[in-house]
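> Please find the sequence and the predicted model below.
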Amino acid sequence: MKRNRIHISLLIIALSFCIINGACTNKHAFQSNKNAAIIDSLIPKYSRSFRIDYYEKYKVVSVFSGKDNKTVTSYLLCSKDNVPMGLVDAVHINYPASRVACMSTTHVGALKLLDARNLIVATTNKALICDSIIRELISKGIIKDAGKDYQPDYEVIAQVKPDMLLSDGENTASSQMFAKMKALGVNVVCSRDYFEQEPLARAEWIKFFAAFIGKEKLADSIFNVVQLDYQRQLNQTAKINDRPTVFCNLPYSGVWYMPCGENYVAKLINDAGGDFLWNKDKPMNGLNLTLNFEQVYQRAVNADFWINTSTFTNLKEIGNVDAKFKLFKAFKTGNVYNGVNRLSPGGGMDIWETGSYTPNIVLRDLILIFHPTDSIQGNLYYYKQLK
């Protein structure tokens, strides 16, 4: 009898809590996450920026900051009929998400690889999307054009009523975009994959996106293929002694942003058997150096290769921007390569759409560029020699 009175008292307290907070909207709400048991967890092998915990009737996806490993955001993935109590700080996403809006071509690329194009209801930057099937769906109006990532069409996004909107950046109260989305009742999911500086860690984020749509097994199989192929190629380049010198990028508004040794691009160059000229420098701006032309010229004038030259598709375009670019040895010898082999009609680069999840293919391209006579054979996939 005493036990029954306790149970009734607890029930009254729980119901009162729900009414006050407006959290219990249906009779299927169940126990607090604090008392629920984790059935399984997905802890990434390379990334330290997210994890997925599985409970009996829901999942919790946690995203961490890279510096202090603190939780940035948690996402509660469950059906509308099974919302647990007690997870007030988590962003609730209806699971499995069947209507997804994308703010970046990288998110489009992830859903393409996960065979989930049919879930996309709206996307920004339509001109930059390389996938022809997605472009056709946009032209037919099946996927709605939501403007630009930096200036989204809020009306369109509200009309398509997505279960979630995938975005880069931070979901903070100071963001005007996030505030507007919240006011519209749109749940924003922020990916931090671009913070990852290890190629395989960044590729592992495909598991993050898969968790929201119930495609973890497919994501795991995709990543396993990528991981094995990357490691196989890395084992080959580890034996290379003759490493050509490499530099990258072009100045923007007078500033030449150059990656340093801990940067994602620098790691790919080194893993491909290249000698990146700023490999030992300490970063000035994030994981980049802010240099001027003279500083780059002094060190890279005789470099063997020049890669990632913005969106330029030929040497003439680069020379027309500034004749001084023609002074580099790599320009004179034609050893300038850019990831423009696969472009959208609007100039979008597939290397930024899908390359984050397939660094094994990016690595293979760079090995073919730096060591064309070695054992790896074939044609370039993302990269192209500029002529």
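In hand now; what should we look at?

> Break the protein down into its domains, please.
As assigned by automatic domain parsing, the chain contains the domains 26-222, 240-385.

> chain center to the longest one: distance?
With C-alpha atoms, centre = their mean, to the nearest Å as the basis, the distance from the averaged C-alpha position of domain 26-222 to the chain average is 11 Å.

> pLDDT on it, on average?
For domain 26-222, mean pLDDT is 90.

> go on, the last one?
In this model, domain 240-385 has a mean pLDDT of 95.

> just to revisit the earlier point, which stretch among the domains of the chain comes nearest Asp229?
With respect to Asp229, and counting by C-beta to C-beta, the nearest of those is domain 240-385 at 4.0 Å. From N, CA and C alone the C-beta is placed, and that goes for glycine too.

> Who are the contact partners of the closest residue to Cys78 other than its chain neighbours?
Leaving aside its chain neighbours, Cys78 sits nearest to Tyr58 (3.6 Å; criterion: C-beta to C-beta, 6 or more residues apart in numbering). The contact partners of Tyr58, by C-beta atoms under 8 Å, 6 or more residues apart in numbering, come to Leu76, Leu77, Cys78, Asn82, Pro84, Tyr95.

> Surely the fifth one is within a helix?
No - assessed by DSSP: H, G, I helix; E, B strand; the rest coil, Pro84 does not belong to a helix; its assignment is coil.

> what's the burial count for it?
The tally of other residues near Pro84 (other C-beta atoms under 10 Å) stands at 23.

> which residues sit against stretch 225-241?
Here stretch 225-241 makes contact (C-beta under 8 Å, 6+ apart) with 45, 199-200, 203, 271-273, 357-360, 363-364, 367, 371, 374-376.

> Weed out the non-buried ones from the residues you listed.
Those of the contacts of stretch 225-241 that meet the buried threshold are 199-200, 203, 271-273, 357-360, 363-364, 367, 371, 376, by 16 or more other C-beta atoms under 10 Å.

> Name the residues of the longest helix along the chain that are buried.
The longest helix of the chain (DSSP state H) is helix 216-237. For helix 216-237, the neighbour count (16+ other C-beta under 10 Å) marks Glu216, Leu218, Ala219, Ile222, Phe223, Val226, Gln227, Asp229, Tyr230, Gln233, Leu234, Thr237 as buried.

> among those residues, which two are most distant?
Across these, no pair lies farther apart than Glu216 and Thr237, at 31.1 Å, counting by C-beta to C-beta.

> the helices in the stretch 201-350 of the chain, which residues?
In the stretch 201-350 of the chain, the helices defined using DSSP state H, counting those that start in this stretch lie at 206-213, 216-237, 264-271, 293-300, 315-321, 329-333, 350-353.

> Any chance of CSV for those, columns distance to Lys180?
CSV is the format used below for those (distance: least, C-beta to C-beta, whole Å):
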stretch, distance to Lys180
helix 206-213, 22
helix 216-237, 31
helix 264-271, 31
helix 293-300, 40
helix 315-321, 37
helix 329-333, 45
helix 350-353, 26
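
> Of all those helices, which one is nearest Asn125?
Smallest distance to Asn125 across those (C-beta to C-beta): 10.1 Å, for helix 350-353.

> could you dump that closest one to PDB, C-alpha only?
C-alpha atoms of helix 350-353 as PDB (Å, rounded to 0.1, in the frame of the first residue of the first chain):
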ATOM      1  CA  ASP A 350      32.300  18.000 -56.500                       C
ATOM      2  CA  ILE A 351      35.500  17.700 -54.400                       C
ATOM      3  CA  TRP A 352      33.700  19.900 -51.800                       C
ATOM      4  CA  GLU A 353      30.400  18.100 -52.300                       C
END
